[in-house]
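Asks: The sequence isn't on hand, but the structure is:
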């Protein structure tokens, strides 16, 4: 019995490592294809059109990559977002797969707030320099400059996606604490806050298991956007708590349903 259990675990580990290699290769393959499209767009069109066209490439890239990774997505509530409205978008952060999932699930053009380390990732670095906003969290000056760029970006009619937890959740908790930045930005720009809950993304690439991946089902749930008109920074904690509770409740409801 013990031998059988050990063999089963060894096979499972081998499969997950093999699947991780497959996912990495699919990332490189789809990234190169996307890069050709991005080079064409960014060199042929001016910023406004380039931004719009690159979103469709990004969305297709996200869908293609997740499909090749064996990720089955179910997106609900996307119709709650107005395509003519800009948003401050937040979501929970469970896995490295969250990025292509958000790319595929978002119904409106948006930019990521990307960590400076993304500049070293093939294709992603090029895209971040042309479409997204960098931040070096170790530098106070960089954080201030990034925040200023985000304000201009959102006030210019474009949406920004921020992982409210700051980094991937490697704990056993459903959700870790939210940072203030996204909520301060939403209040100061008076733009609605759009909430995306990613459920099951950690079953694809688990941050607690290095170099392992698995096919999985992921549920992407959009909540009704929270308006911020009339709110002030005195309401920041209230807004953060409301957003936290909504995402936490979706994660908890899924956990209970899964156990039942």
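Replies: Perfect, thanks for sending it. This is a predicted model, so every value here is computed, not measured.
Asks: Just read off the phi/psi values of residue 226.
Replies: Torsion angles at residue 226 (phi, psi; degrees, to the nearest 10) stand at phi -100, psi 120.
Asks: where does the chain dip in pLDDT?
Replies: Along the chain, segments meeting pLDDT under 70 span 1-11, 116-131, 134, 136-139, 259-260.
Asks: For it, which segments count as helices?
Replies: 2-44, 47-68, 98-105, 124-131, 140-155, 181-189, 236-259 (DSSP state H).
Asks: Now do the second one against helix 2-44, angle only.
Replies: Per axes from the mean of the first three to the mean of the last three CA atoms, to 10 degrees, the angle that helix 47-68 makes with helix 2-44 is 160 degrees.
Asks: list the helices and strands helix 47-68 packs on?
Replies: Contact partners of helix 47-68 among helices and strands, from 3 or more CB pairs under 8 Å, 6 or more residues apart in numbering; DSSP states H and E: helix 2-44, helix 98-105, helix 124-131. Bear in mind the C-beta positions are built from the backbone N, C-alpha and C, glycine included.
Asks: Equivalent analysis for the third one, please.
Replies: Taking 3+ CB pairs under 8 Å, 6+ apart as the contact definition, the neighbouring helices and strands of helix 98-105 are helix 47-68, strand 71-76, strand 193-199, strand 216-222.
Asks: before we move on, the earlier item: save the helices of the chain as a markdown table, and put in mean neighbour count and distance to residue 210 too.
Replies: Output for the helices of the chain, formatted as a markdown table (neighbours: other CB atoms under 10 Å; distance: least, CB to CB, whole Å):
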| stretch | mean neighbour count | distance to residue 210 |
| --- | --- | --- |
| helix 2-44 | 14 | 9 |
| helix 47-68 | 18 | 20 |
| helix 98-105 | 23 | 17 |
| helix 124-131 | 19 | 20 |
| helix 140-155 | 15 | 28 |
| helix 181-189 | 22 | 28 |
| helix 236-259 | 15 | 24 |
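Asks: Dump the ones you listed into a markdown table; add distance to residue 222 as well.
Replies: Listed next are those as a markdown table, based on distance: least, CB to CB, whole Å:
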| stretch | distance to residue 222 |
| --- | --- |
| helix 2-44 | 24 |
| helix 47-68 | 15 |
| helix 98-105 | 8 |
| helix 124-131 | 22 |
| helix 140-155 | 18 |
| helix 181-189 | 16 |
| helix 236-259 | 10 |
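Asks: do you know which of those helices lies nearest residue 211?
Replies: Proximity to residue 211 (CB to CB) singles out helix 2-44 among the helices of the chain, at 5.2 Å.
Asks: Next, the angle from that closest one to helix 98-105.
Replies: Using the same axes, to 10 degrees: helix 2-44 against helix 98-105 is 60 degrees.
Asks: now for helix 2-44, which elements pack on it?
Replies: Using 3+ CB pairs under 8 Å, 6+ apart, helix 2-44 sits against helix 47-68, helix 124-131.
Asks: Can you tell me what sits against the first one?
Replies: Counting by CB atoms under 8 Å, 6 or more residues apart in numbering, helix 47-68 makes contact with 23, 26-27, 29-31, 33-34, 37-38, 41-42, 44-45, 73, 97, 99-106, 109-110, 127, 130-131, 158, 218, all of which sit outside it.
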